[in-house]
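Asks: Structure for this input, please:
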Amino acid sequence: MSKEFTCSIKRIRFDENYQPADNTRLTTNFANLARGESREQNLRNTLRMINNRFNALAQSDNPKGDRYSLKIDIISADLDIEGNGKTFPIIEMLKSTIIDHHTNQRIEGMIGNSFSSYVRDYDFSVVLKEHNKENSTSYAPEGFGDLHGKLYQYLVNSETFKAEFNQQPVICLSVSTARTYHRTTNEHPILGVEYKQDQYSRTDEYFHKMGLQVRFFMPKGSVAPLAFYFAGDLLRDYTDFELISAISTMETFQKIYRPEIYNANSSAAQIYQASLEYPDYSLTRIVYDRVERGQLAVKQGKWTEENFIKPYRDILEQWAANYNVERNAA
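Replies: Model prediction:
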């Protein structure tokens, strides 16, 4: 029987006064925006973009396009590996709550959205880079992502997580620049037109080990498909408002972070391949340091190796060998 780790969850509001916590991965979209001289304006403009996009998709009984706004919390989940009170920040996600200003109701939005993980930094910025230096033919090292996938599923199936959230997370990311996507005839009233890819990307395979499958949709008014990673049934397990909250939040971040793709001046064609070299796009009025993000991923991956992987290697390897995903998800 696998060892039990102790999970704990903290919340911090993402608003114009947001200050990144000490244990927040600095490569996250929300932390990157909250630094420097433009931090308050960055955050204010980002939240305005999110709210405007939400209202554009939630048009029913909303003639002025101002009925709803989102409150967003950063959810930080920590693991205590040895049961001694010393915790490691395992993942961060976002949870939105929708405010209906006509009825003064608070409506549940999506849990998930963004996905931040120190162990993923370690896998991609340390393990994979070292592997690629030594192997020109092998796609990834054996067992790549196995530990991270089990840690994620352990967390989201824990009683601690289920006590806080009544849904499994949906994580929304950019499409891969290395894959080709084909528009299908399937169209969802909220998610929009579905695209399908020629083959899975490395990220798709990595998230599959987290128990997540992927579908690609381009919502109405969008210019490129988004990748939705989910467990269960994306089209039936979530309300329209939950789906709209995920689209409005994550498309906004992608317009800021990857404007060449998500703030392009023309829409994705029937056969589509995303490119960060695409010249015809518009910039948002938000300052984002993309170079720093890439540099920090390497630093934080190495920090994870020194502070989590090496100190707990024996415990984690034994736990992973005995961890049964299906039993723990029951």
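
Asks: secondary structure element for Ile72?
Replies: strand 68-80 (DSSP states H and E).

Asks: Contacts only, for the closest residue to Ala227 other than its chain neighbours.
Replies: Leaving aside its sequence neighbours, Ala227 sits nearest to Leu173 (CB to CB, 6 or more residues apart in numbering; 4.8 Å). Quick note: C-beta positions are derived from backbone N, CA and C, even for glycine. Leu173 sits next to Phe115, Thr203, Leu226, Ala227, Tyr229, Met250 when contact means CB atoms under 8 Å, 6 or more residues apart in numbering.

Asks: which one of these is nearest Asp123?
Replies: Thr203 (11.1 Å; CB to CB).

Asks: Can you verify that closest one is assigned to a helix?
Replies: Yes - read with DSSP: H, G, I helix; E, B strand; the rest coil, Thr203 is one of the residues of a helix.

Asks: Beta-bridge partners for Cys7, please?
Replies: Beta-bridge partners of Cys7, counted by DSSP bridges, are Leu79.

Asks: Roughly how far does it sit from Leu47?
Replies: When distance is defined by CB to CB, to the nearest Å, Cys7 is 29 Å away from Leu47.

Asks: Next, give phi and psi for Arg215.
Replies: phi -140, psi 150 (degrees, to the nearest 10).

Asks: Okay, and the beta partners of Asn113?
Replies: Note on Asn113: beta-bridge partners by DSSP bridges are Ile171.

Asks: burial measure for it, as a count.
Replies: Counted with other CB atoms under 10 Å, the neighbours of Asn113 add up to 25.

Asks: Can you lay out the contacts of Leu173 as a markdown table showing distance to Tyr154?
Replies: Output for the contacts of Leu173, formatted as a markdown table (distance: CB to CB, whole Å):
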| residue | distance to Tyr154 |
| --- | --- |
| Phe115 | 16 |
| Thr203 | 21 |
| Leu226 | 27 |
| Ala227 | 24 |
| Tyr229 | 17 |
| Met250 | 25 |
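
Asks: Looking at neighbours, which among these is most surrounded?
Replies: Among those, Met250 has the most neighbours (other CB under 10 Å), with 27 neighbours.

Asks: Chain neighbours aside, what residue packs nearest to that one?
Replies: Cys172 (3.8 Å).

Asks: for Val127, same thing?
Replies: Nearest one to Val127, counting by CB to CB, 6+ apart, is Pro141 at 6.3 Å.

Asks: and the one you found, how many residues sit next to it?
Replies: Pro141: 15 surrounding residues under other CB under 10 Å.

Asks: That one contacts Leu128, doesn't it?
Replies: Yes - counting by CB atoms under 8 Å, Pro141 does reach Leu128; the two are 7.4 Å apart.

Asks: that older thread, could I get the buried residue list for the strand holding Ile72?
Replies: By neighbour count on 16 or more other CB atoms under 10 Å, the buried set for strand 68-80 is Tyr68, Ser69, Leu70, Ile72, Asp73, Ile74, Ile75, Ser76, Ala77, Asp78, Leu79.

Asks: What mean pLDDT does it get?
Replies: Computed over strand 68-80, the mean pLDDT rounds to 94.

Asks: what residues does stretch 141-150 touch?
Replies: 117, 119-120, 123, 127-128, 131, 135, 205-206, 208-211, 316, 319-320, 323, 325.

Asks: From those residues, which land in helices?
Replies: Counting by DSSP state H, the part of the contacts of stretch 141-150 found in helices is Val119, Arg120, Leu128, His131, Glu205, Tyr206, His208, Leu316, Trp319, Ala320, Val325.

Asks: Next, find the distance separating Ile75 from Lys299.
Replies: Distance from Ile75 to Lys299, counting by CB to CB: 23 Å.

Asks: now do Val214
Replies: The span separating Val214 from Lys299 equals 28 Å under the rule CB to CB.

Asks: Mind checking which of these two has more residues around it?
Replies: Higher neighbour count among Val214 and Lys299: Val214, with 20 against 13, using other CB under 10 Å.

Asks: A strand includes that one, no?
Replies: Yes - under the criterion used here (three-state DSSP), Val214 sits inside a strand.

Asks: so what's it bridging to?
Replies: What pairs with Val214, by the bridge criterion (DSSP bridges), is Tyr229.

Asks: re the thing from before, just flag the most distant two among the ones in helices among the contacts of stretch 141-150.
Replies: His131 and Val325 (24.6 Å).

Asks: got the end-to-end distance for stretch 187-202?
Replies: One end of stretch 187-202 sits 26 Å from the other (CA to CA, to the nearest Å).
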